[in-house]
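> Quick one: sequence and predicted model below, then my questions.
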Amino acid sequence: MRIAVVGGGPGGLYFAALTKQLAPRSEITVWERNAADDTFGFGVVFSDETLGGIEHADAQIYRAMEREFARWDDIDVHVKGQTITSGGHGFAALSRRRLLQILQQRCSELGVRLHFQTEAPDARALAASHDLVVAADGANSATRAAWATSFRPDVDVRRCRYMWLGTDLVFDAFKFYIEQTPYGVMQIHGYPYDATGSTFIVEMHDAVWQAAGFSAPDLPPGRSDEASIARIRELFSGVLDGRTVHANNSRWISFGTLRCESWRHGNVILLGDAAHTAHFSIGSGTKLAMEDALALAACLHEQPGLDTALAAYEAERRPVVASTQRAAQASLEWFENLGQYTGQEPEQFAFNIMTRSRRVTHGNLRVRDPEFAERIDAWFAGHEKRRGFGAGDAVPPMFQPFRLRDLELKNRVAVSAMDMYSAADGTPSDFHLVHLGGKALGGAALVMTEMVCVSPEGRITPGCAGMYAPEHEAAWQRITGFVHDRSTAKIGLQLGHSGRKGSTRLMWEGIDEPLPEGNWEVCAPSPVPYGGNQVPRALSTDEMAEIRRQFVEATRAAERCGFDLIELHCAHGYLLSSFISPVTNQRDDRYGGSLAGRLRYPLEVFAAMRAAWPAHKPMTVRISATDWYPGGITGEDAVEIARAFQAAGADAIDVSTGQVTPDETPAFGRSYQTPFADAIRNRLGIATIAVGVISSYDDVNSIILAGRADLCALGRAHLYDPNWTLHAAAEQGYDGPAATWPDPWRAGSRPPQTGRTDGPRPRLQLIREGEPGTRHARWRPA
Ligand SMILES: Cc1cc2nc3c(=O)[nH]c(=O)nc-3n(C[C@H](O)[C@H](O)[C@H](O)COP(=O)(O)OP(=O)(O)OC[C@H]3O[C@@H](n4cnc5c(N)ncnc54)[C@H](O)[C@@H]3O)c2cc1C
Ligand SMILES: Cc1cc2nc3c(=O)[nH]c(=O)nc-3n(C[C@H](O)[C@H](O)[C@H](O)COP(=O)(O)O)c2cc1C
């Protein structure tokens, strides 16, 4: 096989070395435009997990790398004059130059042809003259550009600027320096790569970069931005402690996350940065490139033909890359929004930065460094007590109490509003009593009703519950009575109006589809239908006043029923949400147009309800923080929407997303809506409720402790396990007041035994004094 490798970076070289070993008779040529020892960048980091793969693939390369490794366990966060250390992370790094030398040497030994300082021949000519062309030519791959219509690349260029530098200061840990400068907050990502120096990456938001006057004229290739580097030396002189920073073709870059729809075109395959990039803050680009190389070499070896090998490589690598890119994206966005966390105290900030990709959790950190986890839990306990509601004991963060106005919540878990479609003419049934009563017994602090509708036409389906008739009140009273008499949970009522999504079928008969018969006329701000539902009637201002009155009546009824909290449903494309979104509100009166205009009616409804609701009881608002649709509501708008409700007296924002238009493209994933709650909370200082694919207690602890939200609402997890919170307490060994088992259930308050493996183990081995490897041998004094 004749193989052409374009690019002698870590990906191309590692692929060449591995393939030559698996197929010694293949002819492999690598073209690299730089000199053998001429590289950008300083050090690259690997986690222990990646190194495992590299060790098994080629022990010789691994051993050579291992001899060079700078290894460390700690991450130090330097913020507001404090250094907070978290240990147990297990990193290794070496200089990029040494890594390339090792790979080059191995390629030479194995008989790979290496051409340095040589531009690769034209990609089409290579494809014609070789069996396989491996495009390992980096993020700006010309090979990818040659067949852009096949690879269909997309680059998402972000809002931070960074420069990759080195320093002769040898750090003893991975370092984050968070520096407040006169221009805004800047950060350093620093890590040692050998006994002589460290990588020193300076990064900041574009606005800070502009304010600091860093913009410089375009530089010729190969030149570093000396003026900026001199300023960096000055700005970070405190960090550098008399040491210097040095450049290596260093200049300001805006990170672009590259994704390609395909990695294959005939016999040309993309590998490493040519196929995908992931923000450097999770240190994974070289790792991904080397893992790609390993997978491609293996697939070529294992598969019967070239086509199947390339298909197998892409199928194997795509999910792994996508998953790393998701984590890198979360980390990238966290740094982009760094400014919103500068108000956090150092302990919370440190926990927040450590868990920024949402991959590392409270539980992981507890295993890696129990002391760090205890310190942060204790800080949180003290902090919440100082805020006036914490228990003061260092318990799992989710079991710290919380307060909204006079409402005391025993922990941080809420049962999210979930429509049961089981009411008759709006009257909640025994199903609601069992469902909501059961959830209240299951340990959550707050149980939310489904969206309860303010009129018959305001229902989504004929099975939706209402609060517009005396029999509704009586039925709700029975439910709130049960919750208050038999549990320590509180119960909140979510009030809403279906708008253009009304007159549709029960969830299990066809969600959002019109009723087969008995439809009622639906209404909305503008005549824009939802999917296949009927075209709604645009509401007149008189009709809007009538609906506002219905909301107020329902609020008064909620108070008579004894609800502890009410939530105004302004999300998911229902009536009030459809006023807020520009996708659905096309009015040209004062209730349309700008965001302020579109918010006017929902705010009027909120204000009227707030006036009717007792001052000591809290009100929350559920919003869709993005429409996931071009031209729709964005995360930035969501902050403004929340600000408006905050000013109107909302106590917390319940932050959901989407469902405004069926054409949405949501980025689903674990806790995927939490960043919106995080931005609102940290930018406005209002309490938030995070919701959406939060399923584990570890995620709840992490969200609360990092200050991303004050409460977590769990929906489907509570359908799966109505006793979710009680079980979370048992699993964490917590038996305090924030998770009390109902007396009749106490006998079941410990996890049931699962089988023989739980039992005590008999001794199966005799250990003789002094035997090597035995405990006795190791304990003998030296
Ligand atoms: C600031 C920063 C910090 C980073 N830190 C880390 C880290 O700590 N850990 C980590 O794992 N990754 C890190 N990375 C990412 C890492 O550098 C890349 O992901 C990795 O180098 C990708 O390897 P590659 O072989 O795919 O591409 P590259 O390393 O980009 O290699 C491509 C090569 O192709 C050559 N080339 C391109 N076109 C041609 C041509 N036409 N002819 C001949 N040669 C050509 C180029 O000269 C280059 O040498 C970081 C990246 C940045 C920007
Ligand atoms: C069966 C069901 C019914 C729902 N009904 C409502 C509702 O009435 N009001 C509302 O705001 N959200 C409703 N939702 C959305 C949930 O409150 C929650 O936001 C969503 O399920 C994401 O959280 P989860 O991943 O924890 O389930 C419903 C969700 C489900 C699964």
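Great, that's in hand. Ligands and ions are numbered 1, 2, ... in the order given.
> Quick check: which element contains residue 700?
helix 697-705 (DSSP states H and E).
> Render the CA-only coordinates of that helix in PDB, please.
The C-alpha coordinates for helix 697-705 follow below in PDB (Å, rounded to 0.1, in the frame of the first residue of the first chain):
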ATOM      1  CA  TYR A 697     -27.400  13.500  42.800                       C
ATOM      2  CA  ASP A 698     -23.800  14.200  41.800                       C
ATOM      3  CA  ASP A 699     -25.000  16.600  39.200                       C
ATOM      4  CA  VAL A 700     -27.400  18.300  41.600                       C
ATOM      5  CA  ASN A 701     -24.600  18.700  44.200                       C
ATOM      6  CA  SER A 702     -22.200  20.000  41.500                       C
ATOM      7  CA  ILE A 703     -24.800  22.500  40.100                       C
ATOM      8  CA  ILE A 704     -25.600  23.900  43.600                       C
ATOM      9  CA  LEU A 705     -22.100  24.100  44.800                       C
END
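> What's the local residue count around residue 754?
Applying other Cβ atoms under 10 Å, we find 7 residues neighbouring residue 754. (Glycine included, C-beta is placed from N, CA and C.)
> repeat for residue 148
Neighbours of residue 148 (other Cβ under 10 Å): 12.
> Residue 601 now?
Count around residue 601 with other Cβ under 10 Å applied: 25.
> List the contacts of it.
525, 544, 548, 576, 579, 591 (Cβ atoms under 8 Å, 6 or more residues apart in numbering).
> change it to 7 Å
544, 579, 591 (Cβ atoms under 7 Å, 6 or more residues apart in numbering).
> quick one: what helix or strand has it in it?
Secondary structure (DSSP H and E) places residue 601 in helix 595-612.
> C-alpha coordinates for that helix, CSV please?
C-alpha atoms of helix 595-612 as CSV (Å, rounded to 0.1, in the frame of the first residue of the first chain):
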residue,chain,number,x,y,z
LEU,A,595,-38.1,42.6,23.4
ALA,A,596,-39.6,45.3,25.8
GLY,A,597,-42.8,45.3,23.7
ARG,A,598,-43.0,41.5,23.5
LEU,A,599,-42.5,41.3,27.3
ARG,A,600,-45.2,43.9,28.1
TYR,A,601,-48.1,41.5,28.3
PRO,A,602,-46.4,38.7,30.3
LEU,A,603,-45.1,41.4,32.7
GLU,A,604,-48.6,42.9,33.0
VAL,A,605,-50.0,39.4,33.8
PHE,A,606,-47.2,38.8,36.3
ALA,A,607,-47.7,42.2,38.0
ALA,A,608,-51.5,41.6,38.3
MET,A,609,-50.9,38.2,39.8
ARG,A,610,-48.2,39.4,42.2
ALA,A,611,-50.6,42.0,43.5
ALA,A,612,-53.2,39.3,44.2
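> Could I get the buried residue list for that helix?
Within helix 595-612, the residues scored as buried using 16 or more other Cβ atoms under 10 Å are 597-606, 608-610, 612.
> Can you tell me what sits against stretch 417-429?
431-432, 435, 448-451, 453, 456, 459-461, 463-466, 468-469, 471-472, 475-476, 479, 494, 506-507, 715.
> now the residue in the stretch 651-782 of the chain positioned nearest to ligand 2: how far from ligand 1?
Nearest to ligand 2, among the residues of the stretch 651-782 of the chain, is residue 715, at 2.8 Å (Cβ to the nearest ligand atom). Distance from residue 715 to ligand 1, counting by Cβ to the nearest ligand atom, to the nearest Å: 37 Å.
> Same question for residue 551.
Where ligand 1 is concerned, residue 551 sits at a distance of 53 Å (Cβ to the nearest ligand atom).
> Can you identify each of the strands in the stretch 201-350 of the chain by residue range?
245-246, 253-260, 264-265, 268-270 (DSSP state E, counting those that start in this stretch).
> Now for residue 545, how many residues are close by?
13.
> Give me the helices and strands touching whichever strand or helix holds it, please.
According to DSSP H and E, residue 545 maps onto helix 541-561. Of the remaining helices and strands, those touching helix 541-561 by 3 or more Cβ pairs under 7 Å, 6 or more residues apart in numbering; DSSP states H and E are helix 470-486, strand 490-496, helix 595-612.
> Identify each buried residue in it, please.
Buried, per 16+ other Cβ under 10 Å, within helix 541-561: 544, 547-548, 550-555, 557-558, 561.
> pLDDT on the very next helix or strand once past it, on average?
Scanning forward in sequence from helix 541-561 by DSSP H and E, the next helix or strand is strand 565-570. Averaged across strand 565-570, the pLDDT comes to 98.
> Check which helices and strands strand 565-570 sits against.
strand 490-496, helix 575-580, helix 595-612, strand 619-624.
> Kindly reformat the ones you listed as TSV containing mean pLDDT.
TSV is the format used below for the helices and strands packed on strand 565-570 (pLDDT from 0 to 100):
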stretch	mean pLDDT
strand 490-496	98
helix 575-580	98
helix 595-612	98
strand 619-624	98
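> of all those, which lies closest to residue 744?
Nearest of the helices and strands packed on strand 565-570 to residue 744, taken as Cβ to Cβ: strand 490-496 at 20.0 Å.
> How about residues contacting the helix or strand just after that closest one?
Downstream of strand 490-496, the next assigned helix or strand under DSSP H and E is helix 507-510. Here helix 507-510 makes contact (Cβ under 7 Å, 6+ apart) with 419, 421.
> got the residues of the stretch 151-300 of the chain near ligand 1?
162, 164, 201, 272-274, 280, 283-287, 289 (Cβ under 6 Å from any ligand atom).
> Just give me the neighbour total for the closest residue to residue 384 other than its chain neighbours.
Counting by Cβ to Cβ, 6 or more residues apart in numbering, residue 384 lies nearest to residue 390, which is 2.6 Å off, once chain neighbours are set aside. Neighbour count of residue 390, defined by other Cβ under 10 Å: 19.
> Residue 390 should be in a helix, yeah?
No: judged by DSSP: H, G, I helix; E, B strand; the rest coil, residue 390 forms no part of a helix; its state is coil.
> which ones are touching it?
381, 384, 400-401.
> Which strand residues bridge the closest residue to residue 235 other than its chain neighbours?
Distance criterion Cβ to Cβ, 6+ apart; nearest residue to residue 235, sequence neighbours excluded, is residue 181 at 5.9 Å. Per DSSP bridges, the residues bridged to residue 181 are residue 184.
> same question for stretch 225-235, mean pLDDT?
So the average pLDDT for stretch 225-235 ends up being 91.
> what about the residue of the stretch 401-550 of the chain at minimum distance from ligand 1, neighbour count?
The minimum distance from the stretch 401-550 of the chain to ligand 1, using Cβ to the nearest ligand atom, falls at residue 412 (35.4 Å). Look at residue 412: counted by other Cβ under 10 Å, it has 28 neighbours.
> Could you do residue 273 as well?
The burial count for residue 273: 24, using other Cβ under 10 Å.
> Same check on residue 532?
Neighbour tally, residue 532, other Cβ under 10 Å: 11.
> That one touches residue 513, doesn't it?
Yes: between residue 532 and residue 513 a contact is recorded at 6.5 Å, counting by Cβ atoms under 7 Å.
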